[in-house]
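In: Sequence and predicted structure are below.
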Amino acid sequence: MAEPAGYSIKTYRYLRMAMVAMVVLLGAALVIEWSKTDPRCLQTSISAYYYTPVQAIFVGALIAIGVCMVVLKGNTEREDILLNVAGILAPVVALVPTPGPGSCRSVPMVLGDTDANIANNMGALFVVGVPCLVVTAVFVLRARWSRADRNPMYLVGFAVALALFGGGVAWFFADRDGFIDNAHYAAAVVMFLCIILVVLLNAEQFRRKEHPAHAKAPAANRYTALAIAMVVVPLAMLAWKWLFGWEHAVLWIEGALITLFATFWIVQTQELWDEGLRAGGQELPRSQAIPSPFLSSASE
């Protein structure tokens, strides 16, 4: 019978692989929808596919990805906070669509009352958020009172989550029209920024892991390349849009960032397949180790 640690690492692996599956699911739904329209007919953003038959997959996949990002522990407290923020914002991106429904879809759709949908679904999200924050506060405070763990970053993480939640609730009730028009964009931008920062942190952590005794070790590694791509590619596309005009710039920027995020997640999953966490995690005994389905286990 496997030890409890074996079950823990398996759950960790399955959650990480589920995130990749959700990205593939979303991509497949988008391609199927596109295949049923004129090849030149594209919505101006991935988010605008909310108003097409892709809607259910778009909302479900983003919520599932958000839950996984919150549940999974980051390698460091900074990484964990960034993943939590991205995970908290992912459902907002899903539930508050872009204001413009666009005109490119495979079938005519009778659009429901979007404002009513947002009011209902965000209200439900806020209801769930309250007990989640309360339970988190109890865990953080109990750890500090018992002196089991007095890491100040736990308080920082909770404060960030509380600020996001409180700010969102205040914006929602104080300026409903502004929330409906802008919450999607605000949440999406912050979510992607958090993801880029997570990749940058991993580039530095991986460098220290591979070269622990060399302060001047080469900074370039697989995560560095991905971080650079996540910054350069969107900027290049924005520059092209500014210089020449490009109606579908946002669509391709979102697509590039999601693809790079999935690539990062696969690379990180391969690296940490047996370790679980890069810092502070327990490595599985070799007898329980399972070969990764993504890449070979050879070192970089």
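Out: Thanks, I have it.
In: Buried residues, the helix or strand harbouring Asp177. List them.
Out: Per DSSP states H and E: Asp177 is located in helix 176-210. Burial within helix 176-210, assessed by neighbour count using 16 or more other Cβ atoms under 10 Å, is assigned to 179-180, 183-188, 190-192, 194-203, 205-207. Heads up, the C-betas are built off the backbone N, CA and C, glycines and all.
In: go on, stretch 96-106?
Out: Result for stretch 96-106 [16+ other Cβ under 10 Å]: buried residues 96-98, 101-102, 104-106.
In: ok, of the residues you listed, which one's closest to Gly74?
Out: Val96 (25.8 Å; Cβ to Cβ).
In: Quick check: the closest one touching Asp181?
Out: No. Between Val96 and Asp181 there is no contact under Cβ atoms under 8 Å: 9.3 Å.
In: pLDDT weak spots in the chain?
Out: In the predicted model, the chain carries pLDDT under 70 at residues 1-5, 146-151, 211-219, 279-300.
In: Wait, Val169 touches Leu125, no?
Out: No. Using Cβ under 8 Å, Val169 is not in contact with Leu125, being 9.9 Å away.
In: Settle it for me: which of those two has more neighbours?
Out: Leu125 (20 against 16; other Cβ atoms under 10 Å).
In: Now that one: closest residue in space, sequence neighbours ignored.
Out: Closest residue in space to Leu125, ignoring its immediate chain neighbours: Pro91 at 5.9 Å, by Cβ to Cβ, 6 or more residues apart in numbering.
In: doesn't Ala124 make contact with that neighbour?
Out: No. Between Pro91 and Ala124 there is no contact under Cβ under 8 Å: 10.0 Å.
In: Quickly note the distance from the residue nearest to Leu125 to Leu62.
Out: Between Pro91 and Leu62 the computed distance is 7 Å (Cβ to Cβ, to the nearest Å).
In: again with Leu235
Out: Distance from Leu235 to Leu62, by Cβ to Cβ: 24 Å.
In: out of these two, which sits in the more crowded spot?
Out: Leu62 (23 against 11).
In: Please look at the more buried one and Val93 and confirm they touch.
Out: Yes. Using Cβ under 8 Å, Leu62 is in contact with Val93, at 5.8 Å.
In: Check which helices and strands the helix or strand hosting Cys68 sits against.
Out: Using DSSP H and E, the element containing Cys68 is helix 55-71. Other elements packing on helix 55-71 under the criterion 3 or more Cβ pairs under 8 Å, 6 or more residues apart in numbering; DSSP states H and E are helix 4-35, helix 77-95.
In: how far off helix 55-71 does the last one point, in degrees?
Out: Spelled out, it's helix 77-95. Interaxial angle, helix 77-95 versus helix 55-71 (axes from the mean of the first three to the mean of the last three Cα atoms, to 10 degrees): 160 degrees.
In: So for the helix or strand just after helix 77-95, what gets flagged as buried?
Out: Using DSSP H and E, the next helix or strand after helix 77-95 towards the C-terminus is helix 114-145. By 16+ other Cβ under 10 Å, the buried positions in helix 114-145 come out as 117-118, 121-122, 125, 129, 136, 140.
In: now for helix 114-145, which elements pack on it?
Out: helix 77-95, helix 152-174, helix 176-210.
In: Using CSV, please lay out the ones you listed together with distance to Leu277.
Out: Formatted as CSV, the helices and strands packed on helix 114-145 follow (distance: least, Cβ to Cβ, whole Å):
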stretch, distance to Leu277
helix 77-95, 10
helix 152-174, 15
helix 176-210, 10
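In: And the helices in the stretch 201-300 of the chain?
Out: Using DSSP state H, counting those that start in this stretch, the helices of the stretch 201-300 of the chain run over 222-244, 249-271.
In: Could you export the last one as CSV, CA atoms only?
Out: Looking back up the chat, that one is helix 249-271. What follows is helix 249-271, C-alpha atoms only, in CSV (Å, rounded to 0.1, in the frame of the first residue of the first chain):
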residue,chain,number,x,y,z
ALA,A,249,-4.6,41.8,-32.2
VAL,A,250,-6.2,41.1,-28.8
LEU,A,251,-7.3,37.6,-30.0
TRP,A,252,-3.7,36.7,-31.0
ILE,A,253,-2.2,38.2,-27.9
GLU,A,254,-4.6,36.2,-25.7
GLY,A,255,-3.9,33.1,-27.7
ALA,A,256,-0.1,33.6,-27.5
LEU,A,257,-0.2,34.1,-23.7
ILE,A,258,-2.4,31.2,-23.1
THR,A,259,-0.2,28.9,-25.2
LEU,A,260,2.9,30.1,-23.5
PHE,A,261,1.3,29.6,-20.1
ALA,A,262,0.3,26.1,-21.0
THR,A,263,3.9,25.5,-22.2
PHE,A,264,5.3,26.9,-18.9
TRP,A,265,2.9,24.7,-16.9
ILE,A,266,4.0,21.5,-18.8
VAL,A,267,7.7,22.4,-18.4
GLN,A,268,7.3,23.1,-14.7
THR,A,269,5.2,19.9,-14.2
GLN,A,270,8.0,17.9,-15.8
GLU,A,271,10.7,19.5,-13.7
